[in-house]
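> Make a model of this:
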Amino acid sequence: MNFKSFEVWWKAFRFHYASASFMPGILGGMIAWTYDVQFHPGYFLLVMLGLILNHLALNMTDDYYDFRHLVDAFDSHGNPYSGGSGTLSKGLIRPDQMRHVFASFYIIAIGIGIFLGILRGSFVLFLLAFGFFCAFFYTAPPIRFGYRGLGEIAQLLCFGPGIGLGAYYVQTQKLSWEAFWGTLPFGIMLFSMITINEIPDYLEDRKAGKLNLVARFGREAGVKLFILSLLSAYGAILMGIFLGKIPFVGLISLLTFPIAFKTISILRGNYQDPVKMAPANLGMICTHNSTAILLIIAYTIVGFKKDNLLSSFLPLFTLIVLYLPIAKLISKASLAKRKEEAI
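Just a heads-up that it's a prediction; the model follows:
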């Protein structure tokens, strides 16, 4: 595979959205260490690999079935943060090639899940089935959550407490309210991200019959739903701290609220213009990622034990390695936007 080919596939992977999977997974492992002093590096890394492969497969599955349902054929709004990768509609990758790749990724991820289920408990298999169900049938027939106004709720459950509890269970072989509350804000913020990304696609989705919540109820309703869900995510953090389920130092995650507020302001003023609202889409990605990073740092501080540096720092190190390409992409996008505004 040459470099140009790799670039095309990297675009198809849309790795910048994989943080929605690996961040609650990292935090689930960190919570197990912080509260239960249990951490198995090998299991943790297997969970990370499975989550990433599953999410990349999910992204390509969405592309594949949206292309088949002609959603991409109407994509002309020019907002780079919504819609698919464009690799199928532009003929950069053949549909059968993409289908083979995402099927392979699913098979490996499922194999990892079954392996962990055998070693760590049958509940892992339940979460595996739930995660695959939500990922594949988000756009795949006959269920197609994303076409029926159910996709947002399914992803909230899966890419927050679902992943968080699963990663925690693999380490401890039990469930906890700490793991639930610690990762719930991620799921709610992903709900917000999906909602804001649906707003530029409003007309295209309606033409293609993809009746998600925004396409079903309109852009104005989408803006209100986005604001309510985003504020609810911060409310969940505060409630978790109040209940003693999130460490008090987790308050540092509220430092991202100014980014969220600016995102809301941009969206409210430009939701009718897909291009002008693009900074709001980027702002939501930054809000989700930054909040997650700060929560992971908070748990790292609380769970630090000088006699076991590997368990104390492996989750944070994993976060740094996985997030570097995303940070580079976000930095590049922000720089391009500033240059555009300067012209």
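> Output the below-cut-off pLDDT ranges for this protein.
Across the chain, the ranges flagged by pLDDT under 70 are 1-4, 70-83, 336-343.
> and the longest helix for it?
Counting residues, the longest helix found in the chain (DSSP state H) is helix 309-342.
> those helices in the stretch 151-300 of the chain, which residues are they?
Shown for the stretch 151-300 of the chain, the helices assigned by DSSP state H, counting those that start in this stretch span residues 151-157, 163-172, 177-198, 202-208, 213-217, 219-242, 257-270, 278-303.
> Run the angle between the last one and helix 309-342 for me.
An angle of 160 degrees separates the directions of helix 278-303 and helix 309-342 when computed by axes from the mean of the first three to the mean of the last three C-alpha atoms, to 10 degrees.
> and among the helices of the stretch 151-300 of the chain, the most buried is which?
The highest average neighbour count among those, using mean count of other C-beta atoms under 10 Å, belongs to helix 163-172 at a mean of 27. In this view, the C-beta of every residue, glycine as well, is placed from N, C-alpha and C.
> Packing partners of that helix?
Contact partners of helix 163-172 among helices and strands, from 3 or more C-beta pairs under 8 Å, 6 or more residues apart in numbering; DSSP states H and E: helix 19-36, helix 41-68, helix 95-120, helix 123-136, helix 177-198.
> Remind me what the second one packs against, helices and strands.
Under the contact criterion of 3+ C-beta pairs under 8 Å, 6+ apart, helix 41-68 touches helix 3-13, helix 19-36, helix 95-120, helix 123-136, helix 163-172, helix 309-342.
> before we move on, the earlier item: out of the helices of the stretch 151-300 of the chain, which gets nearest to S311?
S311 lies closest to helix 278-303 among the helices of the stretch 151-300 of the chain, at 8.1 Å (C-beta to C-beta).
> same for the closest one, what does it pack against?
Counting contacts by 3+ C-beta pairs under 8 Å, 6+ apart, helix 278-303 packs against helix 19-36, helix 177-198, helix 219-242, helix 257-270, helix 309-342.
> Extract the C-alpha trace of the shortest one and format it as PDB.
C-alpha atoms of helix 257-270 as PDB (Å, rounded to 0.1, in the frame of the first residue of the first chain):
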ATOM      1  CA  PHE A 257     -17.400  25.100  29.500                       C
ATOM      2  CA  PRO A 258     -16.200  28.300  27.700                       C
ATOM      3  CA  ILE A 259     -15.500  26.200  24.600                       C
ATOM      4  CA  ALA A 260     -19.000  24.700  24.900                       C
ATOM      5  CA  PHE A 261     -20.500  28.200  25.400                       C
ATOM      6  CA  LYS A 262     -18.700  29.500  22.300                       C
ATOM      7  CA  THR A 263     -19.900  26.400  20.300                       C
ATOM      8  CA  ILE A 264     -23.500  27.100  21.300                       C
ATOM      9  CA  SER A 265     -23.200  30.800  20.300                       C
ATOM     10  CA  ILE A 266     -21.800  29.900  16.900                       C
ATOM     11  CA  LEU A 267     -24.500  27.300  16.300                       C
ATOM     12  CA  ARG A 268     -27.400  29.600  17.300                       C
ATOM     13  CA  GLY A 269     -26.200  32.300  14.900                       C
ATOM     14  CA  ASN A 270     -25.400  30.000  11.900                       C
END
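> where does that helix sit relative to the chain's centre, distance-wise?
In terms of C-alpha atoms, centre = their mean, to the nearest Å, the centre of helix 257-270 is found 20 Å from the chain centre.
> Could you shift the numbering so residue one becomes 25, and keep it that way?
Right, with 25 as the first residue, what we last looked at is helix 281-294.
> quick one: it to helix 201-222, angle?
Interaxial angle, helix 281-294 versus helix 201-222 (the same axes, to 10 degrees): 30 degrees.
> circling back: let me have the helices of the stretch 175-324 of the chain in TSV, extended by distance to D87.
Output for those, formatted as TSV (distance: least, C-beta to C-beta, whole Å):
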stretch	distance to D87
helix 175-181	15
helix 187-196	22
helix 201-222	14
helix 226-232	14
helix 237-241	18
helix 243-266	22
helix 281-294	25
helix 302-327	18
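> With that, I have no additional questions.
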